[in-house]
Structure formats: C-alpha cells, structure tokens
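Student: Just the structure for this:
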Amino acid sequence: MSYLQTEIISHTRKVCSLYKRSLRNIESWYDRRPMYRYRAVLLRARFDENKDVKDMRVAQQLLEDGEKELFSILHYQPFQFPLSPGGVAHGRDVVPPDWVLDYWHPMEKAAYPEYFARREQRKKEYVEWWEKTYGKSTEQAH
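Tutor: Numbering: from 1, shown residues only. Next up is the predicted model:
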C-alpha cells in the first residue's frame, strides 16, 4: 500500500515533483537530445517565472493548474528505465528465499562451514526471540 500518503508533503516538494515528472514527460515525447534540451529550458523558465509567488492561494492554484496541464499532455507510452518497476528488466533476477538453503545437501553445506554454522546459530536465536516475544506454539509438529 505504498500509494497511501502517510505524511504531510510540503508545497515545495510537490512543485519539485511536478517539475521532475514534467521533465520525464518531455523526455518521453522528444527522443532527440537538442529538442529535449530546448523544451526543458522552456519548462524551467515557466517554473522560474512563478518561484517568487508569496501568496499560498495563488501558488496552490498554479500547482493545480500545472498538474492538470501535465495530465492533459502525458505521453501515451512513457519512457521506463529497464530495471525500475514497469521496466522490461524489472524483477528479471529472482532472489531465492532464505529457506532454500535449508534444502542444500550436506556436501554442499560443507563447502561453507562458517556461514552455515553462523546461520544455524542465528536461527536458534530467532526461535528464542520469537518464543520470548510471542510465547511457545501450542501446535505439535506432525
């Protein structure tokens, strides 16, 4: 539920977020660097025009208008970095869960004796912590 807002976001941070999202949108529309830079400079000039607005009602209205304008010109297929969520390579490297190591053959474990000794010690410490915090389990293993 990372989409839920759990803290108050300042006006300055919202403006910076709008600026960055606007730059990313321009980057999606203009794949040639000179045209992108030209549009980025124009965008920065628009933001700089209103940086000294002191009245928060006016500043809030400018922010809302900017959000609406960005929404109206969003790219239909925005650029995604390959390894970021939504990118073509996101989640490609699967990280195996820790319990997989429990099923290693003893000959495989013998290659890393210090690691598996420390791991067994940590597992015992975790079970002790769990029982101390939550009590012993009432179910019997079958």
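Student: From now on I want contacts and neighbour counts done on CA atoms only, so please keep to that.
Tutor: OK.
Student: got a list of contacts for the top helix by length along the chain?
Tutor: Longest helix in the chain by number of residues (criterion: DSSP state H): helix 113-134. By CA atoms under 8 Å, 6 or more residues apart in numbering, the list of residues contacting helix 113-134 from outside reads K109, S137.
Student: 10 Å instead?
Tutor: L101, D102, K109, A110, G135, K136, S137 (CA atoms under 10 Å, 6 or more residues apart in numbering).
Student: Buried ones in it, by neighbour count?
Tutor: Of all the residues in helix 113-134, not one is buried under the rule 16 or more other CA atoms under 10 Å.
Student: quick revisit: of the contacts of helix 113-134, grab the buried ones for PyMOL.
Tutor: This is the PyMOL syntax for the buried subset of the contacts of helix 113-134, where burial follows 16+ other CA under 10 Å:
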select buried, resi 109
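Student: The contacts of helix 113-134: which two are farthest apart?
Tutor: Based on CA to CA, the longest span within those runs between A110 and G135 and measures 33.9 Å.
Student: domain assignment for the chain?
Tutor: Annotated domains of the chain cover 11-72, 98-134 [automatic domain parsing].
Student: mind listing the helices for this structure?
Tutor: Under DSSP H, the chain gives helices at 11-29, 33-49, 56-72, 106-109, 113-134.
Student: F81: which of those is closest?
Tutor: Nearest of the helices of the chain (CA to CA): helix 11-29, 10.9 Å.
Student: gap between that closest one and the chain center?
Tutor: 16 Å (CA atoms, centre = their mean, to the nearest Å).
Student: could you give the angle of that helix to helix 56-72?
Tutor: Calculated by axes from the mean of the first three to the mean of the last three CA atoms, to 10 degrees, helix 11-29 forms an angle of 20 degrees with helix 56-72.
Student: could you give the mean pLDDT of helix 11-29?
Tutor: The average of the pLDDT scores along helix 11-29 is 96.
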